[in-house]
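Engineer: Here is my input; please provide its structure:
(2 chains)
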Amino acid sequence: MRYNEKELQALSRQPAEMAAELGMRGPKKGSVAKRRLVKLVVNFLFYFRPDEAEPLGALLLERCRVAQEQPGGFSISFLEDLSRKYHFECCSQEQCQEWMDALRRASYEYMRRSLIFYRNEIRKMTGKDPLEQFGISEEARFQLNSLPRDGKTCVGSQLDLLD
Amino acid sequence: MQGTSKGLAAMKLNERSLAFYATCDAPVDNAGFLHKRGGRGAGSHRRWFVLRGNMLFYFESEASREPLGVILLEGCTVELVDAREEFAFAVHFAGGRSRPYVLAADSQEALEGWVKALSRASFHYLRLVVRELEQQLAAMREGSPANALPVHPSPVSNPRPKENGRAVWSALPEEPTAAPKRPPLPPRRRASAPNGPLVSFAQLHERYGLEVQALRSQWRGGQADLAGLEVWHPSSSGGTHTQDQP
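Structural biologist: Model prediction:
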């Protein structure tokens, strides 16, 4: 698949939501954990060799599952094949939890659900649509019926995490 | 598009997951046929485009199961172009890193739909809106704005230097004491703020380098009524783009 690699590289240089040196192991059988500088920028997780400026790679964090592995470690896998896991080793369970929380909220789809949730809450409280001030109240992407119908997403319950 | 000039291996990307995201049941933000110019003046091809989040995928046809490619839209600006194709627009990236993508729709309506959708596609933009709503909701839950604290001392006392001049928001005070209506921050704000609590849109804007040209072009179209936003200095060094009104 072709993609605009230069823009992805530029994105990797932007201020990160989270960045740390972690142990990282790819999903291939027999892969060895290596130290990587891991950087979360918008919905991408970049990973670098610790002393290099250009990223080795990036993971788009949509439709992914973040799971606790052994204490201090977590994995990222993707819905199309959950058995293929990228493993990360943190220096403490606290750091591990911080990363898992951040990664679970890092997707565009999560942001969209948050927006829809807040919009509805504010609408319920005020009777007014808060998106009107931005001129985007008619955008298809922010409508309640734009959420996937796979049964996994429920605007209320999934967003209990937010407060 | 994948080669690098350094001769190193191309950056790895989880392409299989990307392809899955392109074709799964996540909400589609826009879809339709567009003509896309090939590289190096190779003419243009009609492709099926699907916008999902901040990624613009293109397929050989509507029935294709895997995309031919994807354009990451973060940091782009979208503008109309006067091209040999009718209903043409371009997706630009600052810094001249890549040539712009020139795309053409089949109708004026489709053109406007795409320009609007692509201009608002960035994650940065979405996050800005979410944070604003979050703050509004927190303010409402804690009572009326009149009861809100006039100033949040710690964030405001260490303002980040503004590299790009002033951003004029009507709701933003110049001095901290003149901020009667700023709502207090919601209690939980952790994962997405590397340097602590966020206080203002100007700082958000700087920190994440939002592509304001895209927003500005949309606002000029008469969409929003945000006071004080006429004067806005873009933070990117890529220069300003002007949009021709149709």
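
Engineer: Least confident secondary structure element in chain B?
Structural biologist: Least confident helix or strand of chain B, by mean pLDDT, DSSP states H and E, is helix B:153-157 with a mean of 37.

Engineer: just the strands in chain B please.
Structural biologist: Along chain B, the segments classed as strands by DSSP state E run B:12-13, B:30-37, B:44-52, B:55-59, B:69-72, B:76-80, B:88-93, B:101-104.

Engineer: Same list, these, but as JSON lines with mean neighbour count, mean pLDDT and distance to chain A please.
Structural biologist: From N, CA and C alone the C-beta is placed, and that goes for glycine too. Listed next are the strands of chain B as JSON lines, based on neighbours: other Cβ atoms under 10 Å in any protein chain shown; pLDDT from 0 to 100; distance: least, Cβ to the nearest Cβ, whole Å:
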{"stretch": "strand B:12-13", "mean neighbour count": "17", "mean pLDDT": "92", "distance to chain A": "3"}
{"stretch": "strand B:30-37", "mean neighbour count": "19", "mean pLDDT": "94", "distance to chain A": "8"}
{"stretch": "strand B:44-52", "mean neighbour count": "19", "mean pLDDT": "94", "distance to chain A": "8"}
{"stretch": "strand B:55-59", "mean neighbour count": "24", "mean pLDDT": "96", "distance to chain A": "8"}
{"stretch": "strand B:69-72", "mean neighbour count": "22", "mean pLDDT": "95", "distance to chain A": "3"}
{"stretch": "strand B:76-80", "mean neighbour count": "23", "mean pLDDT": "94", "distance to chain A": "8"}
{"stretch": "strand B:88-93", "mean neighbour count": "22", "mean pLDDT": "94", "distance to chain A": "5"}
{"stretch": "strand B:101-104", "mean neighbour count": "23", "mean pLDDT": "94", "distance to chain A": "8"}
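
Engineer: Can you lay out these as a markdown table showing distance to residue A:14?
Structural biologist: Formatted as a markdown table, the strands of chain B follow (distance: least, Cβ to Cβ, whole Å):
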| stretch | distance to residue A:14 |
| --- | --- |
| strand B:12-13 | 17 |
| strand B:30-37 | 25 |
| strand B:44-52 | 21 |
| strand B:55-59 | 17 |
| strand B:69-72 | 12 |
| strand B:76-80 | 14 |
| strand B:88-93 | 13 |
| strand B:101-104 | 21 |
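
Engineer: what's around the residue found closest to residue A:60 once you drop the neighbours it is linked to in the chain, how many residues?
Structural biologist: Distances taken as Cβ to Cβ, 6 or more residues apart in numbering or on different chains put residue B:18 closest to residue A:60, at 5.5 Å, once the chain neighbours are dropped. Residues within reach of residue B:18, counting by other Cβ atoms under 10 Å in any protein chain shown, total 23.

Engineer: Thanks again, I'm all set now.
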